[in-house]
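In: after the sequence you'll find the predicted model.
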Amino acid sequence: MLVIRKIIKDMVDTIPEEKLKRVFEMLDGIMEKNVAEAWAVWEEFGKDAIEGKWDDASERHDFYLYGIK
């Protein structure tokens with residue numbers, strides 16, 4: 001699997017099903033829908049995130065999110 005595909009898959013796997021469903025609903029037929037509306041949904045991700053479990057998250061950000069060492 002290409003690295004970028006794995007990164008995207010891992011990111012999508014972390015999105016709650018309800019929010020992921022909303023994104024796909026927004027992106028369905030994107031040519032007819034307002035792109036700004038889809039981005040507004042995307043920008044909402046993380047605003048209600050639960051408190052993290054990593055003490056050193058700011059130092060190891062890329063590793064935890066993308067697996068990049």
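Out: Structure's in. What do you need? Residues are numbered from 1 along each chain as shown.
In: and the helices in this protein, which stretches?
Out: 3-14, 17-27, 35-44, 61-66 (DSSP state H).
In: quick check: which ranges of the protein have low pLDDT?
Out: Applying pLDDT under 70 to the chain flags the ranges 1, 29-33, 49.
In: with distance to residue 54 and mean neighbour count as new columns, can the helices of the chain be given to me in TSV?
Out: Bear in mind the C-beta positions are built from the backbone N, C-alpha and C, glycine included. What follows is the helices of the chain, written out as TSV (distance: least, CB to CB, whole Å; neighbours: other CB atoms under 10 Å):
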stretch	distance to residue 54	mean neighbour count
helix 3-14	14	11
helix 17-27	22	13
helix 35-44	23	12
helix 61-66	6	13
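In: which one of the ones you listed lies closest to residue 52?
Out: Closest of the helices of the chain to residue 52 is helix 61-66, at 8.6 Å (criterion: CB to CB).
In: now do that closest one: everything it contacts.
Out: Residues outside helix 61-66 that contact it (CB atoms under 8 Å, 6 or more residues apart in numbering) are 7, 10, 11, 54, 57, 68, 69.
In: which of these sits closest to residue 38?
Out: residue 11 (16.3 Å).
In: against residue 26, how distant is the spatially closest residue to that closest one that is not a sequence neighbour?
Out: What sits nearest to residue 11 in space, not counting adjacent residues and going by CB to CB, 6 or more residues apart in numbering, is residue 65, at 7.6 Å. Here residue 65 is placed at a distance of 23 Å from residue 26 (CB to CB, to the nearest Å).
In: then residue 4?
Out: Using CB to CB, residue 4 is found at 22 Å from residue 26.
In: ok, back up a step: would you mind putting the helices of the chain into a markdown table with distance to residue 50 alongside?
Out: Compiled in a markdown table, the helices of the chain are given as follows (distance: least, CB to CB, whole Å):
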| stretch | distance to residue 50 |
| --- | --- |
| helix 3-14 | 12 |
| helix 17-27 | 13 |
| helix 35-44 | 15 |
| helix 61-66 | 14 |
